[in-house]
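Asker: Give me a model of this one.
(chains A and B)
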There are 2 protein chains.
Amino acid sequence: MAEQKSPHDVPDVTGMSIGILGGTGDQGRGLARRFAIAGHWVLIGSRDAERARAAAAELGSRLPVRGMENAAVAAEADVVVVAVPWEGHRELLASLAGPLAGKIVIDCVNPLGFDKQGPFALPVPEGSAAQQAAAVLPDSRVVGAFHHVSSVLLLDPEVDRVDLDVLVLGDDREATDTVRALAGRIPGFRGVYGGRLRNAHQVEALTANLIAVNRRYKAHAGLRITDV
Amino acid sequence: MAEQKSPHDVPDVTGMSIGILGGTGDQGRGLARRFAIAGHWVLIGSRDAERARAAAAELGSRLPVRGMENAAVAAEADVVVVAVPWEGHRELLASLAGPLAGKIVIDCVNPLGFDKQGPFALPVPEGSAAQQAAAVLPDSRVVGAFHHVSSVLLLDPEVDRVDLDVLVLGDDREATDTVRALAGRIPGFRGVYGGRLRNAHQVEALTANLIAVNRRYKAHAGLRITDV
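Answerer: Here you go, the predicted structure:
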């Protein structure tokens, strides 16, 4: 009889290279830094190769991080994280559909607006940023994850460990398992399956609530899922 | 100088009576049981007074719980929890706008649909169940809270403590502070301010994700907010 598979089991992702589109932003640099510390080759992407190289250099020459254009990152990396601003999200991904075909694409974009009362969720025609990515990348394996990670903590050299759960959403079990494994490479992080892609909107939008929490409690709030 | 108020401070809610509209459902009975154990008078409401009395009796004669019609609950209780099914939510609340005027009304309704692929968030014209409540109860102090509590755990006599955070949403600081205090009366619960009412949709919808988590991990998942 085959051994019973636990929902916590994850594949071995050692040696996987991770590309980050929009990797010069805070969230992208924070994830780049932590994945590189965990031993992954990280490719930081930007529209401007020079800015990407500067962001990589800034993370320190001892870390395995390189900077290049987004298109080169999409072509070279084993797995690609989408950390671009919401404005331009669809257009950039559509332009990279070829090189991203067949790859796991991790969307961590939160479509938010801000006004005097603070942050709020923007409506997305496809339902969510992750579903928009899936719509324009029909040949990629799109997963939603890393929505609630604090870039401040990830970039802080004094912080060795950030304790939180990363909700991982998608319709492709092998892809969500791989992304859960990648999340678990960052000390303190745990990847937890969080539902299908059609339920990504509320996870993205919840970032507005976490920002409200941060303001009220002067915190860098994240989530833990209890009883799992 | 006035003492600095901590965002964790809560008012004293001892002695407050708690009404639960739709209190014969699982979520309503679970909250009724825990609030009664915490020493609050609880009024379980139903369209049918007889069913409400039966639900109250079932919780045990030693607990301070009574059953009555929803309208009587709305008139008598100090604070009212809305735990009715989403179908009929607007109609019931609109019919009780008079007796609910001036009161704190805690909406914990999750507008969800289910199909072969599991749960998903239903669109709500007002944005969320909590915003719908605020729209039909213009003279009440509407707060969203208790969306992610597991009725199975709350009703289990073997479970003394349920560790989770209750996200409390609203635009009235005194009302959200009172509801945070009420949440804290249940052992293991902590009330955490979670943003304005306009950001309630994603908190309600996240219940679909927690159901997906429960199915995958055979759990009764809840949330904890880290760094707060």
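Asker: going forward, measure contacts between C-alpha atoms and count neighbours the same way
Answerer: OK.
Asker: Give the closest residue to the residue in chain A that chain B sits nearest to in space, chain neighbours not counted.
Answerer: Of all residues in chain A, residue A:202 sits closest to chain B, at 4.3 Å by C-alpha to the nearest C-alpha. Excluding the flanking residues, the one nearest residue A:202 by C-alpha to C-alpha, 6 or more residues apart in numbering or on different chains is residue B:202, at 4.3 Å.
Asker: just checking, what packs against the lengthiest helix in chain A?
Answerer: Determined from DSSP state H, the single longest helix within chain A is helix A:201-217. Counting contacts by 3 or more C-alpha pairs under 8 Å, 6 or more residues apart in numbering or on different chains; DSSP states H and E, helix A:201-217 is packed against strand A:118-121, helix A:129-136, strand B:189-195, helix B:201-217.
Asker: mind running it again at 7 Å?
Answerer: Applying 3 or more C-alpha pairs under 7 Å, 6 or more residues apart in numbering or on different chains; DSSP states H and E, one finds that helix A:201-217 contacts strand A:118-121, strand B:189-195, helix B:201-217.
Asker: can you state the direction angle for the second one and helix B:201-217?
Answerer: For strand B:189-195 against helix B:201-217, the angle by axes from the mean of the first three to the mean of the last three C-alpha atoms, to 10 degrees is 130 degrees.
Asker: how far is strand B:189-195 from where the chain is centred?
Answerer: Centroid separation for strand B:189-195 versus its chain: 12 Å, with C-alpha atoms, centre = their mean, to the nearest Å.
Asker: which strands and helices sit next to that strand?
Answerer: helix A:201-217, strand B:164-169, helix B:173-183.
Asker: Please save the CA atoms from the last one in CSV.
Answerer: The C-alpha coordinates for helix B:173-183 follow below in CSV (Å, rounded to 0.1, in the frame of the first residue of the first chain):
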residue,chain,number,x,y,z
ARG,B,173,-14.6,53.4,17.6
GLU,B,174,-16.6,53.0,20.8
ALA,B,175,-18.7,50.3,19.1
THR,B,176,-15.7,48.3,17.8
ASP,B,177,-14.0,48.6,21.2
THR,B,178,-17.1,47.2,22.9
VAL,B,179,-17.2,44.3,20.4
ARG,B,180,-13.5,43.6,20.9
ALA,B,181,-14.3,43.5,24.7
LEU,B,182,-17.1,41.0,24.1
ALA,B,183,-14.9,38.8,21.9
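Asker: hang on, the earlier thing: can you check which of the helices and strands packed on helix A:201-217 gets nearest to residue A:191?
Answerer: helix B:201-217 (11.7 Å; C-alpha to C-alpha).
Asker: after that closest one, next one along is what?
Answerer: Counting by DSSP states H and E, the element after helix B:201-217 in chain order, helix or strand, is strand B:222-226.
Asker: what does that following strand contact?
Answerer: For strand B:222-226, contacts defined as C-alpha atoms under 7 Å, 6 or more residues apart in numbering or on different chains pick out A:164, A:221-226, B:148-149, B:164-165.
Asker: Same check on stretch A:42-61?
Answerer: So stretch A:42-61 is contacted by A:17-24, A:32-33, A:36, A:64-70, A:73, A:77 (C-alpha under 7 Å, 6+ apart).
Asker: List the ones among those that fall in strands.
Answerer: A:18-21, A:65-69 (DSSP state E).
Asker: so which strand or helix has residue A:9?
Answerer: Taking DSSP H and E as the definition, one finds residue A:9 inside no helix or strand.
Asker: how deep is it tucked in, by neighbour count?
Answerer: Counted with other C-alpha atoms under 10 Å in any protein chain shown, residues neighbouring residue A:9 total 10.
Asker: repeat for residue A:215
Answerer: By other C-alpha under 10 Å, the burial measure for residue A:215, its neighbour count, is 14.
Asker: Return the set of buried residues in the longest helix of chain A.
Answerer: For helix A:201-217, the neighbour count (16 or more other C-alpha atoms under 10 Å in any protein chain shown) marks A:201-214, A:216-217 as buried.
Asker: Stretch A:112-125 too?
Answerer: Those would be A:112, A:119-122, for stretch A:112-125 by 16+ other C-alpha under 10 Å.
Asker: likewise stretch A:126-137?
Answerer: Using 16+ other C-alpha under 10 Å as the test for burial, stretch A:126-137 gives A:128-137.
Asker: anything in it sitting right up against chain B?
Answerer: No: Stretch A:126-137 stays clear of chain B (C-alpha under 7 Å from any C-alpha of the partner chain), getting no nearer than 10.8 Å.
Asker: before we move on, the earlier item: for the buried residues of stretch A:126-137, which one is nearest residue B:174?
Answerer: Nearest to residue B:174 out of those is residue A:128 (C-alpha to C-alpha; 33.5 Å).
Asker: my guess is that closest one meets residue A:200, correct?
Answerer: Yes: counting by C-alpha atoms under 7 Å, residue A:128 touches residue A:200, with 6.1 Å between them.
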